[in-house]
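Trainee: just need the structure, nothing else, for what follows:
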Amino acid sequence: MADNEENQQPNEQAAAGEQAAGPQFALQRIYLKDASFESPRSPLVFQSQWQPKINFDIKTKSDKVQDGVYEVVLVLTVEAELEEQPAFVVEVQQAGVFTAKDFGDEQLAQLLATVCPNILFPYAREAVDNLVVKGSFPALMLSPINFDALYAQQRQAQAEQAASTEPTN
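Mentor: You can find the predicted model right below:
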């Protein structure tokens, strides 16, 4: 029986080596990089009927930390206006450190712009909601975001811009 176990061990190591040969992606850490909440009209804002106009902005940015390691920051900004006056402004920068090795340039760009923000978004959404509730406003649950569609739109806009700036002969 001991001989059987010894014979299986090299095969398991070889299989593990084959799995590690392809592209590697891993989450190392998720953290709140920055958060701010402002309610410039408090306490007067609480005397009005709560039917706000909500403006939402989303941005992502990524930086190379070292070879194969990237920081991705998802920035969510939510502004609520009531009677054309600001009720609150909240901004959250949710960040993560990701390992991404052996990806092509296009694959890496797509990974950092879609997969990483998809991982970060639930944390950012919770942070926004917590800040809004702590400001004594009704809960604000943001809808899920399709980062793949946003990335495709961005790539299309870049292609159109490049095509419009090419000299015509």
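Trainee: C-alpha from now on. contacts and neighbour counts both.
Mentor: Fine.
Trainee: lowest average confidence, helix or strand, in this structure?
Mentor: The weakest-scoring helix or strand in the chain, judged by mean pLDDT, DSSP states H and E, is helix 2-20 (a mean of 52).
Trainee: what's the spacing between V73 and E84?
Mentor: For V73, the distance to E84 equals 30 Å [CA to CA, to the nearest Å].
Trainee: more neighbours: those two, which one.
Mentor: V73 (27 against 9; other CA atoms under 10 Å).
Trainee: which residues does the more buried one bridge with?
Mentor: Beta bridges link V73 to K61, A95 when assigned by DSSP bridges.
Trainee: got the contact list for the most centrally placed residue in the chain?
Mentor: Nearest residue to the geometric centre of the chain (CA atoms, centre = their mean): P117, 2.3 Å. Shown in contact with P117 (CA atoms under 8 Å, 6 or more residues apart in numbering): 60, 72-74, 147.
Trainee: can we see that at 10 Å?
Mentor: By CA atoms under 10 Å, 6 or more residues apart in numbering, the residues touching P117 are 59-61, 72-75, 94-96, 111, 124, 145-148.
Trainee: am I right that it is in a helix?
Mentor: Yes. Assigned with DSSP: H, G, I helix; E, B strand; the rest coil, P117 falls within a helix.
Trainee: and it, what's its pLDDT?
Mentor: Per-residue pLDDT puts P117 at 98.
Trainee: format the CA atom coordinates belonging to stretch 138-154 as CSV.
Mentor: In CSV, the C-alpha atoms belonging to stretch 138-154 read as follows (Å, rounded to 0.1, in the frame of the first residue of the first chain):
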residue,chain,number,x,y,z
PRO,A,138,-33.3,56.1,3.3
ALA,A,139,-31.2,53.1,2.2
LEU,A,140,-29.8,53.4,-1.2
MET,A,141,-29.3,50.0,-2.9
LEU,A,142,-27.5,50.4,-6.2
SER,A,143,-28.4,48.1,-9.0
PRO,A,144,-25.8,45.7,-10.3
ILE,A,145,-23.6,47.0,-13.1
ASN,A,146,-22.6,45.2,-16.3
PHE,A,147,-18.8,46.0,-16.4
ASP,A,148,-18.5,43.9,-19.6
ALA,A,149,-20.9,46.2,-21.4
LEU,A,150,-19.2,49.3,-20.1
TYR,A,151,-15.8,48.0,-21.3
ALA,A,152,-17.3,47.1,-24.7
GLN,A,153,-18.7,50.7,-25.0
GLN,A,154,-15.4,52.2,-24.0
